[in-house]
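Student: Predicted model and sequence follow; I will ask about them next.
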Amino acid sequence: MAAATLSYEDLGLVQGDGWLFRHLDVHIRPRDRLALIGRNGAGKTTLLKCLAGLIETDEGRRTVVPGSRVVLLEQDPDMSGHASLLDWVLAEPDAPAEHEAAAIADQIGLDLSRPVSTASGGERRRAAIARALAQDPDVLFLDEPTNHLDLGGIEWLEDWLNRFTGAFIVISHDRTFLTRLTKSCLWLDRGHLRRAEIGFGGFEVWMEKAYEEEARAAEKLDAKLAIELRWLERGVTARRRRNQGRLAKLHDMRAQRAAMIGGPGTAKLAIAKDEVRSKAVIDAEHVSKNYGDRQIIRDFTLRIQRGDRIGIVGPNGAGKTTLLKLLTGELAPDQGQIERAKTLSGIVIDQQRKLMEPTKRVRDVLAEGGDWIDVRGTKKHIKGYLKEFLFSPELTEAPVGSLSGGERSRLLLAREFAREANLLVLDEPTNDLDLETLDLLQEVIADYEGTVLIVSHDRDFLDRTVTVTLGLDGSGRVDIVAGGYEDWAKRRRQAAPAAKPKAAAPVEERKAATSAKLSYKDQRDLDRLPGEIEHLEAEIAAVEDVLADADLYTRDTKRFAELSERAARLRDKKHAAEERWLEVAEMADALAR
């Protein structure tokens, strides 16, 4: 086994009146791909800063191989005092060379001359990524790297990290991101750190097993501790089983909506019955919206029914917020019309979590200083209601400023979900949330009786929650697909070749038209890749069938890890093959015209 590039032995840190964590041993080896997992408030961000050497600990010894470069990508870096993003990128003593930062910025579509004062959250995030990656790190710490990134940015970062030759530890709420990239897990739980040589895909099974073993051991020592651990273990297991049941229900809802939606790129509904019309809460017909000479939304038609969960996806600047505002009535269309049910009343949970005053107590935010909260017509004691949102009841007197970013987000959700409404609007709701809170949010959405509109770049979250996906590409067209993110992505992959003028031509005809013009390698890839992609899809399906066995991890941890890693490699290989085939198919079509 390779020697560690960075180690921290017996790490301990005091926070407030006690130890945040103590006696932690962390060893980071070359090429490690580690997911750091834990509840909001467990100290994940603090631990990363300790490992990076930015926080002086109260105990422990940190050692780094001489000459190794350790870089931290912070979740919310302070850019105040800098005129432009480039000024900030080059400001630190360990800043990268300007040409290196500019090269990465160009790849992720960032103008570094943008003034800090007018930069969006996505532009700030890209600037932080450019500075971190351009430093050529040997060990890279990433704290919620996908926050504020659009899908294209997330996929670019995934590709970069897959090719990265150093080691990294990542904190992220994005399950898809973690599953595709990580090969080991660090679990920070109640001040203790555990490590397992499994990718994130095996984390939940490992966590359940750890809780079960800990509860059995605790029974011999402390009945109170045993009860707490049993509650934790049963809660995790029960939530997982409930989510499986909800996913089955979600698939049924998607099938029903698919029967009502027309072919790709359209929103032609079947002949409306009175029952369908009576369930409609938002009815958009031939809606268009322009900003100057640019058409943001073009000829959009959709009937949203009571109980629908609508996901809105697309790159930054494609028009997601515009579409959301059109649907909710904040904006009027330039053409077409949108009718809304007269009884429609909504609440909006957006990214403005900083609006909660840090000096207010949790009690003040939830119940205006009282002990009881009205939860959609039912009185509940705030301590009991806090437990429903994974808070300790003792936090009622805590100031908001003492909570972590994720805990503040969870508190905001608790407050907003208590309100009476039949339309719920969520704008990037997963930012700053831990995985347990995401599970909770999925439950709440699944049980919500009204209609939900979600803008998100979190692919796994959309796959678990929405019945219809609205996909924007910046051209003004809105693709309407029954299902989640993967259903939309699959539709795009299927539609890409068909959109080419000559794509439907027989293979022999294409060969005749292009063999003399394409290079040997390009022609060979054009001919062989469809079969290779089909073969990879079959391999992926076979591996996933084995991984679907819920008892596999318990029986054979090593085989589970090997299969998880193999599935990730096969998916990456298939994605690369599809991209290459589309590239040469476009070349062939251009030459054939």
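Tutor: Done, it's in.
Student: can we go C-alpha only for contacts and neighbour counts from here?
Tutor: OK.
Student: Show me where the stretch 151-300 of the chain has its helices.
Tutor: Assigned by DSSP state H, counting those that start in this stretch, the helices in the stretch 151-300 of the chain fall at 151-163, 175-181, 203-218, 223-258, 274-279.
Student: Need the distance between the two termini of stretch 546-556.
Tutor: One end of stretch 546-556 sits 12 Å from the other (CA to CA, to the nearest Å).
Student: same question for that stretch, mean pLDDT?
Tutor: Per-residue pLDDT over stretch 546-556 has a mean of 73.
Student: you'd agree residue 424 is in a helix?
Tutor: No: checked against DSSP: H, G, I helix; E, B strand; the rest coil, residue 424 lies outside a helix; its state is strand.
Student: For it, grab the count of nearby residues.
Tutor: 20 (other CA atoms under 10 Å).
Student: got it, and residue 48?
Tutor: Residue 48: 22 surrounding residues under other CA under 10 Å.
Student: right, and it touches residue 144 too?
Tutor: No: in this structure, residue 48 is not within contact of residue 144 by CA atoms under 8 Å, at 11.5 Å.
Student: Can you give me the buried ones in stretch 375-395?
Tutor: 375, 382, 383, 385, 386, 389, 390, 391 (16 or more other CA atoms under 10 Å).
Student: and the helices of the stretch 151-300 of the chain, which one's lowest on average pLDDT?
Tutor: Lowest mean pLDDT of those: helix 274-279, a mean of 50.
Student: Is residue 8 in a helix, a strand, or coil?
Tutor: Residue 8 ends up strand, using three-state DSSP.
Student: what's the answer for residue 34, then?
Tutor: strand.
Student: any chance of the buried residues of stretch 375-395 in CSV, plus distance to residue 427 and pLDDT?
Tutor: Below are the buried residues of stretch 375-395 laid out as CSV (distance: CA to CA, whole Å; pLDDT from 0 to 100):
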residue, distance to residue 427, pLDDT
375, 22, 88
382, 26, 91
383, 28, 90
385, 24, 89
386, 23, 88
389, 19, 84
390, 22, 79
391, 23, 84
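Student: Out of those, which comes closest to residue 449?
Tutor: residue 375 (14.0 Å; CA to CA).
Student: Spit out the contact partners of the closest one.
Tutor: Residue 375 makes contact with 417, 418, 419, 420, according to CA atoms under 8 Å, 6 or more residues apart in numbering.
Student: 10 Å instead, please
Tutor: With contact set as CA atoms under 10 Å, 6 or more residues apart in numbering, residue 375 has these partners: 381, 385, 414, 415, 416, 417, 418, 419, 420.
Student: Against residue 421, how distant is it?
Tutor: For residue 375, the distance to residue 421 - CA to CA - is 11 Å.
Student: got it, and residue 407?
Tutor: Residue 407 is 23 Å from residue 421, by CA to CA.
Student: Endpoint to endpoint, stretch 374-390 covers what distance?
Tutor: Stretch 374-390 has an end-to-end distance of 19 Å (CA to CA).
Student: now it, how far from the chain's geometric center?
Tutor: Distance of stretch 374-390 from the chain centroid (CA atoms, centre = their mean, to the nearest Å) equals 28 Å.
Student: same deal with stretch 77-92?
Tutor: For stretch 77-92, the distance to the chain centre is 27 Å (CA atoms, centre = their mean).
Student: Show me the domain layout of the protein.
Tutor: Using automatic domain parsing, the domain parsing of the chain gives 6-204, 214-257, 274-491, 500-592.
Student: where exactly do the strands run in the stretch 401-550 of the chain?
Tutor: 423-427, 451-455, 468-472, 478-482 (DSSP state E, counting those that start in this stretch).
Student: With mean pLDDT and distance to residue 434 added, can I get the ones you listed in JSON lines?
Tutor: Formatted as JSON lines, the strands of the stretch 401-550 of the chain follow (pLDDT from 0 to 100; distance: least, CA to CA, whole Å):
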{"stretch": "strand 423-427", "mean pLDDT": "89", "distance to residue 434": "17"}
{"stretch": "strand 451-455", "mean pLDDT": "93", "distance to residue 434": "18"}
{"stretch": "strand 468-472", "mean pLDDT": "95", "distance to residue 434": "24"}
{"stretch": "strand 478-482", "mean pLDDT": "93", "distance to residue 434": "28"}
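Student: Minimum distance to residue 340: which of those strands has it?
Tutor: Proximity to residue 340, assessed across those by CA to CA, is greatest for strand 423-427 (11.1 Å).
Student: That closest one packs against which elements?
Tutor: strand 309-313, helix 320-328, strand 346-349, strand 451-455 (3 or more CA pairs under 10 Å, 6 or more residues apart in numbering; DSSP states H and E).
Student: partners of it, with directions?
Tutor: Taking DSSP bridges as the criterion, strand 423-427 forms sheet pairs with strand 346-349 (parallel), strand 451-455 (parallel).
Student: List just the nearest of the contacts of residue 375 to residue 527.
Tutor: residue 417 (54.1 Å).
Student: For the closest one, list the residues it contacts.
Tutor: 347, 349, 375, 376, 411, 424, 444, 445, 448.
Student: low-confidence ranges in the stretch 251-400 of the chain?
Tutor: 262-278, 350-355 (pLDDT under 70).
Student: all strands for it, in order.
Tutor: Counting by DSSP E, counting those that start in this stretch, the strands of the stretch 251-400 of the chain are 280-291, 294-305, 309-313, 335-340, 346-349, 372-375, 378-381.
Student: Make a markdown table out of those strands and add distance to residue 452.
Tutor: Listed next are those as a markdown table, based on distance: least, CA to CA, whole Å:
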| stretch | distance to residue 452 |
| --- | --- |
| strand 280-291 | 11 |
| strand 294-305 | 10 |
| strand 309-313 | 5 |
| strand 335-340 | 14 |
| strand 346-349 | 9 |
| strand 372-375 | 18 |
| strand 378-381 | 22 |
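Student: Could you work out which of those reaches nearest to residue 104?
Tutor: Checked against CA to CA, the stretch from those lying closest is strand 309-313, at 24.5 Å.
Student: which other helices and strands contact the closest one?
Tutor: If you count contacts as 3+ CA pairs under 10 Å, 6+ apart, strand 309-313 packs onto helix 223-258, helix 320-328, strand 423-427, strand 451-455, helix 459-465, strand 468-472, strand 478-482, helix 485-498.
Student: ok, now with 8 Å
Tutor: Applying 3 or more CA pairs under 8 Å, 6 or more residues apart in numbering; DSSP states H and E, we find strand 309-313 packed against strand 451-455, strand 468-472.
Student: Which of the ones you listed has the highest mean neighbour count?
Tutor: Highest mean neighbour count among those (mean count of other CA atoms under 10 Å): strand 468-472, with a mean of 25.
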